[in-house]
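1. give me a model of this one.
(one chain, ligands or ions: 1)
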Amino acid sequence: MAKLDLKGVTKSFGDNTVCRGIDLSVNEGEMVCLIGASGSGKSTLLRCINLLEPIDDGRILLDGVDISEPGLNPQPIRARIGIVFQSFNLFPHMTAAENVMLAPRRVLGKSRDALDAPVKALFERFDLGQRMNHYPDQLSGGQQQRVAIIRALAMQPEIMLFDEITSALDPELVGEVLDVLRQLRTEGMTMILATHEMAFARELADKVCFLDAGRILEEGPPETLFSDPKEPRTRAFLKRVL
Ligand SMILES: Nc1ncnc2c1ncn2[C@@H]1O[C@H](COP(=O)(O)OP(=O)(O)OP(=O)(O)O)[C@@H](O)[C@H]1O
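-> Next up is the predicted model:
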C-alpha cells in the first residue's frame, strides 16, 4: 500500500483544460471518492494518476517520489497502480484465468506455473474459484467486472483506481462488485473511485471530493459533505443525485 499526493495537477486537451491545479492527498489504506457531473474531469484525473495521460503541470507523488517527471519510464510505475474501467475489456478468446495471467506474464515475466497458485488464490478470495476456467461470455457482467478487478490485483498494485466500475452493470449486479470494494477496503487497500454510487461513498469513503469543471470545489468526510455542503454548486449537485 502506498500514499499518493497530487500537487497542482493540470491537464488540457487542446484549449480544453480538464484538470485545473488539483491538490489531493490519499493516505495509505484510505478510500477516496471523486464525485461530480459528467465531464467534470474524474476519469481524466484517474488516467493522469495512472500515467495513461501526461500532465501539463503539477506533480504526482507516490510515497513521496515524483512519478510524473517527464522522461521517466511509465511502465514500472504503472504496474504499481491498478486501474479498472467501466468496460471490463476482457479478451473473449481467453478464459478468466488466462486474462488475469496475461499482464503478470508479459510485464513481470512470470511463468504460468509460477502464477497458477496465486491466481487461483485470488479467484477464491473473491468467490470466483468455480469460474476461473470460464470464458467471458459464460460470465455475468458482475462476474466479468470482478475478474477485471482480479486482473488488476494480480499485478500486486500498491494503490487501486476505479473509474465508474458499476455504471455499465444491470442494477441487480452492482452489489456483488461493490462487495469486492468493501472487501478491499477491509484489507487496507489504498483506493480512489470515480463513482455515482452515493450511498456507497457515504458508507465507506474516508473522504469525498466534489469535482466541478476540473477543480476540487469541496472535499471532506462523507458525513460532513453530504449533510452540510458549503458550496452552492456542491449543494445543487447533491440535490440532484441523492
Ligand atoms: N482523450 C481526450 N481528448 C480530448 N478531450 C478529452 C479526452 N478525454 C477527455 N476529454 C474531455 O475532458 C473532459 C472531462 O472528461 P472526463 O471523462 O474526465 O469527465 P468525467 O467527469 O469522468 O465524466 P463522466 O462522468 O461522463 O465519465 C470532457 O470535456 C471530455 O470531452
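
2. so residue 50 sits against residue 85, correct?
-> No - using CB atoms under 8 Å, residue 50 makes no contact with residue 85, being 10.4 Å away. The way it works is simple: take the backbone N, C-alpha and C, and place the C-beta from them, glycine included.

3. okay, the lowest-mean-pLDDT helix or strand in the chain in PDB with CA atoms only?
-> Least confident helix or strand of the chain, by mean pLDDT, DSSP states H and E, is helix 74-78 with a mean of 91. The C-alpha trace of helix 74-78 is given here as PDB (Å, rounded to 0.1, in the frame of the first residue of the first chain):
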ATOM      1  CA  PRO A  74       5.900   4.800 -17.000                       C
ATOM      2  CA  GLN A  75       5.700   1.000 -17.300                       C
ATOM      3  CA  PRO A  76       7.200   0.000 -13.900                       C
ATOM      4  CA  ILE A  77       5.300   2.800 -12.200                       C
ATOM      5  CA  ARG A  78       2.000   1.800 -13.900                       C
END
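
4. other SSEs contacting the next helix or strand after it?
-> Next along the chain after helix 74-78, taking DSSP states H and E as the criterion, comes strand 81-84. Where contact means 3 or more CB pairs under 8 Å, 6 or more residues apart in numbering; DSSP states H and E, strand 81-84 is packed against helix 42-49, helix 141-153, strand 159-163.

5. ok, then the element right after strand 81-84?
-> Next element after strand 81-84 (DSSP H and E): helix 96-106.

6. and that following helix with helix 141-153, angle?
-> In terms of direction (axes from the mean of the first three to the mean of the last three CA atoms, to 10 degrees), helix 96-106 departs from helix 141-153 by 20 degrees.

7. between whichever helix or strand comes after helix 96-106 and helix 141-153, how big is the angle?
-> Where DSSP H and E defines the elements, the next helix or strand beyond helix 96-106 is helix 112-125. With the same axes, to 10 degrees applied, the angle from helix 112-125 to helix 141-153 works out at 130 degrees.

8. what residues does the chain put near the ligand?
-> Proximity of the chain to the ligand (CB under 6 Å from any ligand atom) is limited to residues 13, 16, 18, 36, 38-44, 164, 194.

9. among these, which pair sits farthest apart?
-> Largest separation among those by CB to CB: 16 and 164, giving 20.2 Å.

10. more crowded one of these two?
-> residue 164 (20 against 9; other CB atoms under 10 Å).

11. as a quick check, tell me the outermost residue of the protein.
-> What lies farthest from the middle of the chain is residue 113; by CA atoms, centre = their mean that is 28.8 Å.
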